[in-house]
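Participant: based on what follows, work out the 3D shape:
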Amino acid sequence: MKIAHMLKYFISLCFIISSTLIVSQEKDKQEQKKDTIIYKTGYGLRLGVDISKPALQFVDKSYTGFEIVGDYRVSKRWYVAAEIGHEEEITFEDFTKSTSKGQYIRLGANLNTYNNWLDMNNEIYVGGRYGLAIFDHTLNSFTPNVNSTYFPGIEQIVSKTQTGLTSHWFEFQVGIKAETFKNLFVGFSAAYKIGISIEDQEGFKTLYAPGFNRVFSSNTGFGFNYTISYLIPFVNK
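Facilitator: Residues are numbered from 1 along each chain as shown. Below is the predicted model of the structure:
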């Protein structure tokens, strides 16, 4: 009887150990399966517009413009990017009034420095662009700088235009893009621009170049944009 009792106890113990091992193995398999889930994000063409330019037109009647923005994701962190647009700006100085209008394009790439969680698709990026603009520049009027009480300077209307001017520049960008809804992004970027070659109207310096913005004496400039864009995903990776 004692041997039978011990055998029964041993069999029960083996059953308990076996059950525990089976449950543990199943748990490990489930955890491994969970750990191997791969979260994919969309790779494709993202197109949008710079909403700051039409907004600026409401507060600054001397400016009109629009810009289309786009990028294409080529790897986990790298995007090729471009902006294309048209601008017209009337510039008022102490003694002159001039107008610059034309088209521009900027081409380059962005590097996303942000580590997304799971299937998030946000960006904090740095980038570079080469810019090219073709524009017309008009000296509308000027006032002779005559420092005399008896012969004050009178504004002279000239309306002298030179067409086919070009400007070339490099710019460095930093910006963010956040996915607010599925495949819909809002973004902001700022740029520091370095002029390579900015043509001047004969007898008058170019004060504003489309795509470059205000031209300072050092041939440098600044820019920013606010964008809304939509991703057309071609594949998920």
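Participant: quick one, domains of this structure?
Facilitator: Listed by automatic domain parsing, the domain ranges of the chain are 1-36, 43-236.
Participant: what about the strands in the chain?
Facilitator: For the chain, the strands defined by DSSP state E cover 42-50, 63-73, 78-92, 96-112, 123-142, 156-181, 184-198, 208-209, 213-214, 220-236.
Participant: quick one: which of those is nearest Leu56?
Facilitator: Closest to Leu56 of those is strand 63-73 (CB to CB; 5.6 Å). In this view, the C-beta of every residue, glycine as well, is placed from N, C-alpha and C.
Participant: tell me the angle of the closest one relative to strand 42-50?
Facilitator: Strand 63-73 runs at 180 degrees relative to strand 42-50, counting by axes from the mean of the first three to the mean of the last three CA atoms, to 10 degrees.
Participant: show residues contacting stretch 202-211.
Facilitator: In this structure, residues lying in contact with stretch 202-211 by CB atoms under 8 Å, 6 or more residues apart in numbering are 65, 83, 85-89, 91, 93, 96, 98, 100-106, 131-133, 135, 137, 139, 162, 165, 167, 198-200, 214-215.
Participant: re earlier: out of the domains of the chain, point me to the one whose mean pLDDT is lowest.
Facilitator: Lowest mean pLDDT within those: domain 1-36, at a mean of 50.
Participant: can you pull the contacts of the nearest residue to Gly42 once chain neighbours are set aside?
Facilitator: Nearest residue to Gly42, sequence neighbours excluded (CB to CB, 6 or more residues apart in numbering): Pro233, at 3.1 Å. Residues in contact with Pro233 (CB under 8 Å, 6+ apart) are Gly42, Tyr43, Gly44, Asn183.
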